[in-house]
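Engineer: what follows is a predicted protein model with its sequence.
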Amino acid sequence: MSGPPGPTQIVEPTRVHALIVGIEAYAAGGSWDLPGPARDALAFRRLLLAAGVPEGNLRLHLAPLPPFSPDVPYARADHATLRSTLVNELPSRRGDFLWVWWGGHGVLDRAGHLRLFCADATIADKLGVDLESALERYSSDAVSGFSEQLWIVDACETFEEALAFREPLPANSLPVGHRTLTHRQTVLRAAGRGRAAVNDPLRATGLFSDILLDLLVDREAKLPALLDPEELFSAVRARLADLRAAGHTAQYPEISLQSPQRTEILPMAEQATGRSHAQQRSPLSPLKRVVDILMSYPLMADPVERQVVVSTLSPRVTATLPRHPKARTDITGIITTLTRRHPDMLRELFDAVVSLDDDPEREQELSDALRELTDSSRTS
């Protein structure tokens, strides 16, 4: 098998196919609304079309959130349609290169598999695609073509148990064939284990998708080849490191590589100077100040007491909060999500904390820090 496609390798666009999914609206209702993934999917589609990939090679599945109405034909993004595309339609196509772009809600199940919810997912029946199962199918003899694959997934990987689902997630495995050594898969995941993927509802884009699309535009002349995934991911990672240091996100993107010669998940790279971006910045960002003050409350270090605080919030909000067993990671995810999606809930969180621990000095510090965080988010 040849090596991975390099920047100068000539790729015949007719041998390139793509599955492009963007889900903004869910049958579960308004609390699941996610403005952005359909727009991001369309932007990615335009890049491949501009690179010469035939429109017939692009399978576009959308669930746009009204009033947004795409001006191009697209297929549904419900479970049955997407499963049929993955199992029947796409494997029947003849091609060498496969791009998969998926934006929407996701959750990391108890087996460690990323479940990507489909548009017809409801509270009672969370229909979705098991990413690990899909990757296994596409690396088996069930898929004869697509020896080179790049999967890009912008979805949360919050732990299933942290979301306190009333019903367990249904089994959604895809059929697989016999394992082979003929496929090379690279998977870029936005959030990182147990973390939320930040979405910007005002600009209607995912943070990870926005960065990646910008980088792909910079490399447009090299498309539709799959580029150098490690170089591309390194650039994504560097930009997200800056945003983490500024307190805008807590996500750590991940890249995994599987080929006959190599199977690994690449670790996060440290800065050459031995210091992280966060260590090089001062003064404290508003987010870090809030997190540091909350960490000074003994009750916030206790997972049971911390859950008492969170449970005072509306169930509409708590169902979407990223959770983590480590206190600082958990608090950072909670505050980041509340600031971006439910800023009105920050006051309720404040009331719950100071009701359980009425230290007046800490109360004033927390009040000031939350006000600074709220003000900064309005102007950012």
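Structural biologist: Looks like it came in fine.

Engineer: Asp109: how many residues sit nearby?
Structural biologist: 20 (other CB atoms under 10 Å). Quick note: C-beta positions are derived from backbone N, CA and C, even for glycine.

Engineer: can you give me the neighbour number for the residue nearest to Ala121 when sequence neighbours are not counted?
Structural biologist: Spatial nearest neighbour of Ala121, chain neighbours left out: Leu127 (4.8 Å); criterion: CB to CB, 6 or more residues apart in numbering. Using other CB under 10 Å, the number of residues around Leu127 comes to 21.

Engineer: ditto for Glu132
Structural biologist: 17.

Engineer: quick one on the thing from earlier: wait, the residue nearest to Ala121 sits on Pro170?
Structural biologist: Yes. Using CB atoms under 8 Å, Leu127 is in contact with Pro170, at 7.0 Å.

Engineer: got a list of what Arg97 touches?
Structural biologist: Slight slip there: residue 97 is Phe, not Arg. Counting by CB atoms under 8 Å, 6 or more residues apart in numbering, Phe97 makes contact with 5, 11, 15-17, 146, 148-149, 224-226.

Engineer: residues shared between the contacts of Leu127 and Pro170?
Structural biologist: Common neighbours of Leu127 and Pro170 (CB under 8 Å, 6+ apart) do not exist.

Engineer: name the SS class of Ile211, please.
Structural biologist: Three-state assignment for Ile211 (DSSP: H, G, I helix; E, B strand; the rest coil): helix.

Engineer: how about the secondary structure of the closest residue to it other than its chain neighbours?
Structural biologist: Once flanking residues are discounted, Ile211 sits nearest to Arg239: 5.0 Å by CB to CB, 6+ apart. Counting by three-state DSSP, the backbone at Arg239 sits in helix.

Engineer: now do Leu216
Structural biologist: Taking three-state DSSP as the rule, one finds Leu216 in the helix state.

Engineer: do I have it right that it meets Leu48?
Structural biologist: No. Between Leu216 and Leu48 there is no contact under CB under 8 Å: 9.5 Å.

Engineer: what do those two both touch?
Structural biologist: Leu223.

Engineer: look at those two and report which has more neighbours.
Structural biologist: Leu48 (23 against 19).

Engineer: in the strand or helix carrying the more buried one, which residues are buried?
Structural biologist: In this structure, Leu48 sits in helix 37-50 according to DSSP states H and E. Residues 37-45, 47-49 are the ones in helix 37-50 that count as buried (16 or more other CB atoms under 10 Å).

Engineer: by contact count, what packs against it?
Structural biologist: strand 16-23, strand 58-63, strand 97-103, strand 205-206, helix 207-218 (3 or more CB pairs under 8 Å, 6 or more residues apart in numbering; DSSP states H and E).

Engineer: and the ones you listed as JSON lines, adding distance to Phe233?
Structural biologist: Converted to JSON lines, the helices and strands packed on helix 37-50 look like this (distance: least, CB to CB, whole Å):
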{"stretch": "strand 16-23", "distance to Phe233": "19"}
{"stretch": "strand 58-63", "distance to Phe233": "23"}
{"stretch": "strand 97-103", "distance to Phe233": "15"}
{"stretch": "strand 205-206", "distance to Phe233": "16"}
{"stretch": "helix 207-218", "distance to Phe233": "9"}
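
Engineer: can you list the ones you listed in CSV and add mean pLDDT and distance to Thr85?
Structural biologist: Shown next, in CSV, are those (pLDDT from 0 to 100; distance: least, CB to CB, whole Å):
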stretch, mean pLDDT, distance to Thr85
strand 16-23, 97, 7
strand 58-63, 98, 6
strand 97-103, 97, 11
strand 205-206, 87, 22
helix 207-218, 92, 20
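
Engineer: out of the ones you listed, nearest to Ser69?
Structural biologist: Ser69 lies closest to strand 58-63 among the helices and strands packed on helix 37-50, at 10.3 Å (CB to CB).

Engineer: what packs against that closest one?
Structural biologist: Against strand 58-63 (3+ CB pairs under 8 Å, 6+ apart) you get strand 16-23, helix 37-50.

Engineer: for it, buried residues please.
Structural biologist: Buried, per 16+ other CB under 10 Å, within strand 58-63: 58-63.

Engineer: again, but for stretch 83-95
Structural biologist: Quick answer for stretch 83-95 (16+ other CB under 10 Å): 83, 85-87, 90-91, 95.

Engineer: can you list contacts of that stretch?
Structural biologist: Against stretch 83-95 from outside (CB under 8 Å, 6+ apart): 15-17, 19, 57, 59, 61, 75, 98, 129, 134, 137-138, 142-146, 174-175.

Engineer: out of the residues you listed, which are buried?
Structural biologist: Among those, the ones that count as buried by 16+ other CB under 10 Å are 15-17, 19, 57, 59, 61, 98, 129, 134, 137-138, 142-143, 145-146, 174.
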